[in-house]
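Could you look at this predicted model? Sequence included:
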Amino acid sequence: MTVSALAFADSTVETFDDIRTARDKPGAVWVRASDATAAELEHVADVFDIHHLSVEDIRNDVRPKAEMFDDYTFVLLKTATLVPEDTTFREEIDIESVGLFIGEDWLVSLSEHDIDAVGRIWQAALDGDQRILRGPDFIVYRICDGLVDGFFDVLDQIEAQIETVEDAVITDTSIETLESINNLRRELLSFRKLVWPTREAVATLARGDPEEVRPETEKYFRDVYDHLFQLVDLTETYRELASGARDIYLNSLSVSTNEVMKKLTVVATIVLPLTFVVGLYGMNFRNSPYNIPEFGWTYGYPAVMVGMLSVTLILLVYFRKMEWL
Amino acid sequence: MTVSALAFADSTVETFDDIRTARDKPGAVWVRASDATAAELEHVADVFDIHHLSVEDIRNDVRPKAEMFDDYTFVLLKTATLVPEDTTFREEIDIESVGLFIGEDWLVSLSEHDIDAVGRIWQAALDGDQRILRGPDFIVYRICDGLVDGFFDVLDQIEAQIETVEDAVITDTSIETLESINNLRRELLSFRKLVWPTREAVATLARGDPEEVRPETEKYFRDVYDHLFQLVDLTETYRELASGARDIYLNSLSVSTNEVMKKLTVVATIVLPLTFVVGLYGMNFRNSPYNIPEFGWTYGYPAVMVGMLSVTLILLVYFRKMEWL
Amino acid sequence: MTVSALAFADSTVETFDDIRTARDKPGAVWVRASDATAAELEHVADVFDIHHLSVEDIRNDVRPKAEMFDDYTFVLLKTATLVPEDTTFREEIDIESVGLFIGEDWLVSLSEHDIDAVGRIWQAALDGDQRILRGPDFIVYRICDGLVDGFFDVLDQIEAQIETVEDAVITDTSIETLESINNLRRELLSFRKLVWPTREAVATLARGDPEEVRPETEKYFRDVYDHLFQLVDLTETYRELASGARDIYLNSLSVSTNEVMKKLTVVATIVLPLTFVVGLYGMNFRNSPYNIPEFGWTYGYPAVMVGMLSVTLILLVYFRKMEWL
Amino acid sequence: MTVSALAFADSTVETFDDIRTARDKPGAVWVRASDATAAELEHVADVFDIHHLSVEDIRNDVRPKAEMFDDYTFVLLKTATLVPEDTTFREEIDIESVGLFIGEDWLVSLSEHDIDAVGRIWQAALDGDQRILRGPDFIVYRICDGLVDGFFDVLDQIEAQIETVEDAVITDTSIETLESINNLRRELLSFRKLVWPTREAVATLARGDPEEVRPETEKYFRDVYDHLFQLVDLTETYRELASGARDIYLNSLSVSTNEVMKKLTVVATIVLPLTFVVGLYGMNFRNSPYNIPEFGWTYGYPAVMVGMLSVTLILLVYFRKMEWL
Amino acid sequence: MTVSALAFADSTVETFDDIRTARDKPGAVWVRASDATAAELEHVADVFDIHHLSVEDIRNDVRPKAEMFDDYTFVLLKTATLVPEDTTFREEIDIESVGLFIGEDWLVSLSEHDIDAVGRIWQAALDGDQRILRGPDFIVYRICDGLVDGFFDVLDQIEAQIETVEDAVITDTSIETLESINNLRRELLSFRKLVWPTREAVATLARGDPEEVRPETEKYFRDVYDHLFQLVDLTETYRELASGARDIYLNSLSVSTNEVMKKLTVVATIVLPLTFVVGLYGMNFRNSPYNIPEFGWTYGYPAVMVGMLSVTLILLVYFRKMEWL
Ligand SMILES: [Mg+2]
Ligand SMILES: [Mg+2]
Ligand SMILES: [Mg+2]
Ligand SMILES: [Mg+2]
Ligand SMILES: [Mg+2]
Ligand SMILES: [Mg+2]
Ligand SMILES: [Mg+2]
Ligand SMILES: [Mg+2]
Ligand SMILES: [Mg+2]
Ligand SMILES: [Mg+2]
Ligand SMILES: [Mg+2]
Ligand SMILES: [Mg+2]
Ligand SMILES: [Mg+2]
Ligand SMILES: [Mg+2]
Ligand SMILES: [Mg+2]
Ligand SMILES: [Mg+2]
Ligand SMILES: [Mg+2]
Ligand SMILES: [Mg+2]
Ligand SMILES: [Mg+2]
Ligand SMILES: [Mg+2]
Ligand SMILES: [Mg+2]
Ligand SMILES: [Mg+2]
Ligand SMILES: [Mg+2]
Ligand SMILES: [Mg+2]
Ligand SMILES: [Mg+2]
Ligand SMILES: [Mg+2]
Ligand SMILES: [Mg+2]
Ligand SMILES: [Mg+2]
Ligand SMILES: [Mg+2]
Ligand SMILES: [Mg+2]
Ligand SMILES: [Mg+2]
């Protein structure tokens, strides 16, 4: 689908192929364009007298915003979806722009591709759902609401990833774990950069700054604003969780190094002195009663063995008590 | 209990089953609903002309706020209780919403479950306590005050946990200690996200922005505001304590590794040279007066033993002086 | 002492037992209460029509503030003294509240215990010091000034502690050093939470917001404000010093571990090869001219000794050059 | 080229050698100076009554700004190019200043050297491009737009560097890697200090504060503002990436140390006990049936060998299972 | 020099001993006092009706500020010079206060000691330099400008120190290096605390808030403001450089420890197995063809030597390939 128009007045809904005819009808009109050609877009902009800079904003990576023009208010919003990254199993946030132009009795919605949240409202409007057809500003509210629901889905997925990482940090000290945490932090950063300006844009509508937003619709935008506030809070909480996971990861490594050193020290402390003792009785002194008289003892060897065994046992008990073993 | 109404005027208090009758009585009315069915809630909203978005806010996880509507002011507050987590022995903060709708001569309080702080005020009002029945705004103050007292209880429990953790960090270098600290930081973060917007909501009432708050009640809300300010301060202090505990924990580990390395070095520095010496006299050179003449000495073995003992003692004194032992 | 009153007009000063009589005198009156009973406090509040919430603020741990009421301005200030902690040799900041109620021609000062800074001004006023008796607002300035001098004393003591800690961090790698630093950071945090709202309260007076502060007194409060600004700056500087000390402490530990490892490596690198060599000549190969022919050499043993000594010396020179020794 | 002038009105474009003549022509004039002598600059300043402080700002390292004077608005902008550093292979950001003086019907652009982005617009203007010749404010917009495109180029190069560094951190633990990361952080810091005030300056123009900016040009500056907002966002994201790379670098080192210690411990744990065993059978006890009876066994040597081999194999399997090998 | 006065009108300059006479002359007067006695200061304050709190501010350590009084504006500025510290070779920032009182047609400059930047302007004024004698506000601008030049000198010296430290961090892992970095951070902190309020004070003058600053002088203060902005930027950049140097320092230590461990592991991995082998052939098994038959081989000893040499070479190649050597 490319460009379609829908005019509604009282309880009637009508679709049009020619958007100029639709515009001239009494009542309100909603023109929706996606996957539209440059020529089609130009025609829409021409009919509703939309500034070309705004149309370009939808194609470029401009942040969400609400911008008031003489005859309409331009609201730029974004959808977010987590998609697998090209080269790895990780995910990154995929973002699509939706441009909403709110006139006194018209609404134009533009997007490069078909947007789910917009499509669902459009279908309900076609079906004559009177809970939607309260005016262009109310349709914008419904679209905002749908997009924000999508944000919550993304954050749910990120939360699941954080839980996976929190389990991994203690058991897996490989660098990949840290890379996963960094990846999460990056996603949350992108997400915050998406939600924050969306909140500001919706705040503009909730305050009723644009004259196209009627007083009775303001409280609906305030409701969306509250949800965006919640999203910002959650994002911060998840960033803190990711930081905590990183700290535990870094620390697991230190604990591991500490334990490896303890094991090495235990082995060295027990075996090195024993090796010294057996080396002692490997010496070749002779020809004098003072030179290694132990060699002449009947129980020399068993005595040494018992002595070494005792020392070993004492050290083992000591290290066990020190919790080095 | 589900929905009940209480009308008060001068010094009389009366309960009603039908809330519309209660509303139409001269004097003020307080309608309280908890564990109410959807139909009951709709009826209350209908009688007092309350917007359905506000009723939904109470069920959703929206932050505390004070929102002015045409005929009433909606104050959304939260209770906080520390409860054990599902799967571990740790605790997390359990949060319940209370919605307060303040009209000129009416008050509606809604909550999903029965809220202690509300129930106590209700009972006192039923008993005709004139210190409470000064008007809807004053009852809201009393409820705020009770909820904030609950916040202090939570913070007291968190403080006790911090003290436990501060004792643990030096003796216990296991990862669990760090996880406890992270858990505490997380609780404090949640708590801050609860107290901060509550403070903003109460500030709105303390400034007397809503016309339903009378000038003589403002100073009471200012008092609650001061307590919420104190809570924010305490939360920050506890976050700093938790950070300090984490630093000490991380450092205890480094001190431990340092000491393990010192012990290993002491053992190696003493035993390895001795092992070399006894290895030296285990060599099999012979057939020449220049080859290990020590073997021919009468006191060869005792001399070597005394030499090794001396070196050992000197090294022990040295390491003791270096505080490596 | 509990409650006393002092009336002044032109150049006369008079004391009163009954505060209501004092209040009704022409000229201004200063009523001072400390260690007062609940009944006495109630009487004072009654005579000057002071709100009970403000009196309670003095007993509770409310932050410093300046709050304007209809007939007076309530200024809540705090004194700070460093006192030894109960259980350790460390110190913590002890805080007392002073409530100042400034009326058009009266001043009430309340505190739980006797406050030095207030007592000194009171005595000077009794002595008829005309540099003090310029009006209730000027007396408040003098009390502020005295309290802020006390803050500087506390910060001087904290500075001395920082200097002690800065000397300790290099020589003493025990955990106690880090605990001292954390303790300092905690004290500075408490101190900042004290000074910051005091500065805000004094700013309110310096701007002349309350009508009880006359224009000619504003510049005196601006002077106190400047001192509080300086205190905030110093507190931040000391926090940075404490952070620097902590970094040096943590690093001293790393340097120590590094040096221990170097010593161990030097010992192992020198002694282990030597032990191998003497082990080599402890082997029992025989019965063939190819089996350890060195045993037959006349200077076998001296040659081996010289070889080992040379290697040892070369290694010692090498490690000395590498600064590992 | 030094100083040139270009006057345009309706659809005619004319160049002038004498700037005063150009100024006096009906229509608008653009005077462009680069590599100009002090005398030439003074002459330009004199003709357009430009303050000498502004001219000096272009030579000094003053931050981008928009400053309103009585008869004109002075906009100071900067170009950015990444150039190799003098002494190393690293790059640093090279910055050039462009001063734009916007009068009611004139524009003066000054720069120390020839600026590409300005030259391209100049050429198009000379060619009579009507999309440029909409007035002095619109030309300023076109220049801003060109400079901001240059900022994106710089950020693209920095992004490429970050990708290189992200690959290096895991494999190369030499200090150079950390120095590269620090260098990147430094570049990003410089870049942020460039973009931030540029954004503020453009915001001034986008709000239409200076009267020389006509209402219909404001939306173009808003478009540039959006791009600068995007640049600030990207810069923060890249700083976060650089921080993440640093963390991974530091951690790779810790992982490496941990693995080295494990290898050492494995070698010591296997070989030291074996050395003890062979030392045991190197002892010289004799002359008693209790002294090392193993020497008399027929299969003594093979038994010891098999024993040692078994222990070694068991330890190898154990360490492999522990993932130390 | 203590107190001197200089009156100027049109193009005449006159000096006076009596400041009251100077003040009463038509035209403007500049009174400059340094190293003045308390009595002299009191006289100056008396003649120009200057508040004693301002005079005290110059002696105390009050932050730079611009404060408006009824008849004059008080500007408190500071000079900065780097001086060697008392006890070490380090430097610290030495700060002197300059008080400037700007009246409608008079200027009083006070300082405890002679200030270079003030002296130079004074001399030029005495010489009748018309570029200075444009009024009291313009003289204040010239003094500000001179003081800010001094700030740039200080920052240049700090930059030189940072470069020294950046070279040291890689080669010198002693604690002194870290102390130098901390010292630098401290200096930069002090410097920031100096520049920041100076910028605020100059901003007040640049906005023309005080009526003593004429509109045509505002742009000169804006110029000084820009320089102070630059100083703040530079200070932040240098703080970042110092942080980067600290990170490299800390990391050099980790790299060193890592390399030491690798060396130890190489030595142990090569020598310990060899020692085991020679210990093996030092065993005393005999009296059976199965007991160490190698002893009977003709080439037993050469075979063992070749075996050990091969293993050593293989390990050396392996470790070289692993970059452990
Ligand atoms: Mg972190
Ligand atoms: Mg963290
Ligand atoms: Mg960090
Ligand atoms: Mg951190
Ligand atoms: Mg961290
Ligand atoms: Mg950290
Ligand atoms: Mg920390
Ligand atoms: Mg920390
Ligand atoms: Mg911290
Ligand atoms: Mg930190
Ligand atoms: Mg940290
Ligand atoms: Mg820190
Ligand atoms: Mg730090
Ligand atoms: Mg630090
Ligand atoms: Mg720090
Ligand atoms: Mg830190
Ligand atoms: Mg740190
Ligand atoms: Mg750290
Ligand atoms: Mg970082
Ligand atoms: Mg980091
Ligand atoms: Mg960091
Ligand atoms: Mg970071
Ligand atoms: Mg860090
Ligand atoms: Mg970090
Ligand atoms: Mg840092
Ligand atoms: Mg850093
Ligand atoms: Mg840091
Ligand atoms: Mg840093
Ligand atoms: Mg950091
Ligand atoms: Mg750092
Ligand atoms: Mg750090």
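Noted; the coordinates are in hand. Ligands and ions are numbered 1, 2, ... in the order given.

Next secondary structure element downstream of the lengthiest helix in chain A?
If you go by DSSP state H, chain A has its longest helix at helix A:215-280. The helix or strand immediately downstream of helix A:215-280 is helix A:300-321, counting by DSSP states H and E.

ok, and does that following helix reach over to chain E?
No - residues of helix A:300-321 are not located near chain E by CB under 8 Å from any CB of the partner chain, the shortest gap being 11.8 Å. Backbone N, C-alpha and C define where each C-beta goes, glycine included.

near chain E, which residues of the stretch 151-300 of chain A?
Checking the stretch 151-300 of chain A against chain E by CB under 8 Å from any CB, the hits are residue A:282.

Show me where the stretch 1-150 of chain A dips below the pLDDT cut-off.
By pLDDT under 70, the weakly predicted segments of the stretch 1-150 of chain A are A:1, A:85-90.

all helices for it, in order.
A:19-24, A:38-48, A:52-59, A:116-126, A:136-171 (DSSP state H, counting those that start in this stretch).

and for the fourth one, what are the contacting residues?
Counting contacts by CB atoms under 8 Å, 6 or more residues apart in numbering or on different chains, the residues outside helix A:116-126 that touch it are A:6, A:8, A:13, A:15, A:30, A:32, A:34, A:79, A:98, A:109, A:111, A:132-133, A:139, A:142-143, A:146-147, A:149-150.

circling back to that earlier point, just send the helices of the stretch 1-150 of chain A back as a markdown table, with mean neighbour count too.
Output for these, formatted as a markdown table (neighbours: other CB atoms under 10 Å in any protein chain shown):
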| stretch | mean neighbour count |
| --- | --- |
| helix A:19-24 | 17 |
| helix A:38-48 | 15 |
| helix A:52-59 | 17 |
| helix A:116-126 | 17 |
| helix A:136-171 | 18 |
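
Run the contact check for the longest helix of chain A versus chain B.
Yes - applying CB under 8 Å from any CB, one finds helix A:215-280 touching chain B at A:219-220, A:222-223, A:226-227, A:229-230, A:233, A:236-237, A:240-241, A:244, A:247-248, A:251-252, A:254-255, A:257-258, A:261-262, A:264-265, A:268-269, A:272-273, A:275-276, A:279-280.

what about burial for those, which qualify?
Neighbour-count burial (16 or more other CB atoms under 10 Å in any protein chain shown) applied to the residues of helix A:215-280 next to chain B gives A:219-220, A:222-223, A:226-227, A:229-230, A:233, A:237, A:240-241, A:244, A:247-248, A:251-252, A:254-255, A:257-258, A:261-262, A:264-265, A:268-269, A:272-273, A:275-276, A:279-280.

Those residues also near ligand 20: which ones?
When these are checked against ligand 20 using CB under 5 Å from the ion, none falls in range.

how about the residues of chain A near chain C?
residue A:282.

OK, contacts around residue A:66?
So, once contact is read as CB under 8 Å, 6+ apart, residue A:66 ends up touching A:73, A:74, A:75, A:76, A:200, A:201, A:202, A:204, A:205, A:209, A:210.

May I have the phi/psi pair for the fifth one?
Okay, so that is residue A:200. Note on residue A:200: its backbone torsions stand at phi -60, psi -40 [degrees, to the nearest 10].

Now do the residue of chain A found nearest chain E against ligand 8, distance only.
Residue of chain A nearest chain E, by CB to the nearest CB: residue A:282 (6.6 Å). According to CB to the ion, to the nearest Å, residue A:282 stands 55 Å off from ligand 8.

Is that residue in contact with residue D:281, as I believe?
No - Residue A:282 lies out of contact with residue D:281 (CB atoms under 8 Å); the separation is 9.1 Å.

Comparing the two, which residue is more hemmed in?
Counting neighbours by other CB atoms under 10 Å in any protein chain shown for residue A:282 and for residue D:281 shows that residue A:282 has the greater number, 26 against 21.

if we can go back for a sec, could the helices of the stretch 1-150 of chain A go into CSV alongside distance to residue D:215?
Below are the helices of the stretch 1-150 of chain A laid out as CSV (distance: least, CB to CB, whole Å):
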stretch, distance to residue D:215
helix A:19-24, 26
helix A:38-48, 20
helix A:52-59, 14
helix A:116-126, 32
helix A:136-171, 25
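
Which residue does chain A have closest to chain C?
residue A:282 (6.6 Å).

could you give me the average pLDDT of the longest helix of chain A?
The pLDDT scores in helix A:215-280 average 93.

Is any residue of that helix near chain D?
Yes - residues of helix A:215-280 are located near chain D by CB under 8 Å from any CB, namely A:246, A:250, A:253-254, A:256-257, A:260-261, A:263-264, A:267-268, A:271-272, A:274-275, A:278-279.

Tell me the spacing between the residue lying closest to residue A:173 once chain neighbours are set aside and residue E:66.
Nearest residue to residue A:173, sequence neighbours excluded (CB to CB, 6 or more residues apart in numbering or on different chains): residue A:253, at 5.0 Å. As judged by CB to CB, to the nearest Å, residue A:253 and residue E:66 stand 54 Å apart.

Residue A:144 now?
In terms of CB to CB, residue A:144 sits 47 Å off from residue E:66.

again, but for residue A:166
Distance, residue A:166 to residue E:66, using CB to CB: 54 Å.

Likewise for residue A:234?
Going from residue A:234 to residue E:66 by CB to CB gives 45 Å.

One more: residue A:40?
60 Å.

residues in contact with residue A:241?
By CB under 8 Å, 6+ apart, the contact set of residue A:241 is A:162, A:166, B:186.

Touching, the second one and residue A:243? I think so.
No - Residue A:166 sits out of contact with residue A:243 when judged by CB under 8 Å, with a separation of 11.7 Å.

for the residue nearest to residue A:41 when sequence neighbours are not counted, what are its contacts?
Leaving aside its chain neighbours, residue A:41 sits nearest to residue A:55 (6.0 Å; criterion: CB to CB, 6+ apart). Taking CB under 8 Å, 6+ apart, we find residue A:55 in contact with A:41, A:45, A:99, A:110.

hmm, back to that, quick one: which of the contacts of residue A:66 is nearest ligand 20?
Ranked by distance to ligand 20 (CB to the ion), those are led by residue A:200 at 27.8 Å.

Spatially nearest residue to whichever residue of chain A sits closest to ligand 20 (excluding sequence neighbours)?
Nearest to ligand 20, among the residues of chain A, is residue A:246, at 8.1 Å (CB to the ion). Leaving aside its chain neighbours, residue A:246 sits nearest to residue A:181 (4.9 Å; criterion: CB to CB, 6+ apart).

ok now do the one you found, which residues does it touch?
A:165, A:169, A:242, A:245, A:246, A:249.

what residues go with each domain of chain A?
Domain segmentation of chain A under automatic domain parsing yields A:3-254, A:262-321.

Which pair of the contacts of residue A:66 spans the longest distance?
The most widely separated members of the contacts of residue A:66, counting by CB to CB, are A:76 and A:209 (15.4 Å).

can you give me phi and psi for the residue of chain A closest to chain E?
phi -100, psi 0.

Quick one: residues contacting it.
With CB under 8 Å, 6+ apart, residue A:282 has these contacts: B:278, B:279, B:282, C:282, D:279, D:282, D:283, D:284, E:282.

For chain D, what is the nearest residue in the stretch 101-250 of chain A?
Of all residues in the stretch 101-250 of chain A, residue A:182 sits closest to chain D, with a separation of 4.0 Å (CB to the nearest CB).

Is that residue in contact with residue D:244, as I believe?
Yes - with contact defined as CB under 8 Å, residue A:182 reaches residue D:244; the gap is 4.0 Å.

Give me the mean pLDDT for stretch A:189-206.
Mean per-residue pLDDT for stretch A:189-206: 95.

picking that back up, count the residues that sit near the residue nearest to residue A:173.
Neighbour tally, residue A:253, other CB under 10 Å: 20.

I'd say it and residue D:254 touch.
Yes - counting by CB under 8 Å, residue D:254 is a contact partner of residue A:253 at 5.2 Å.
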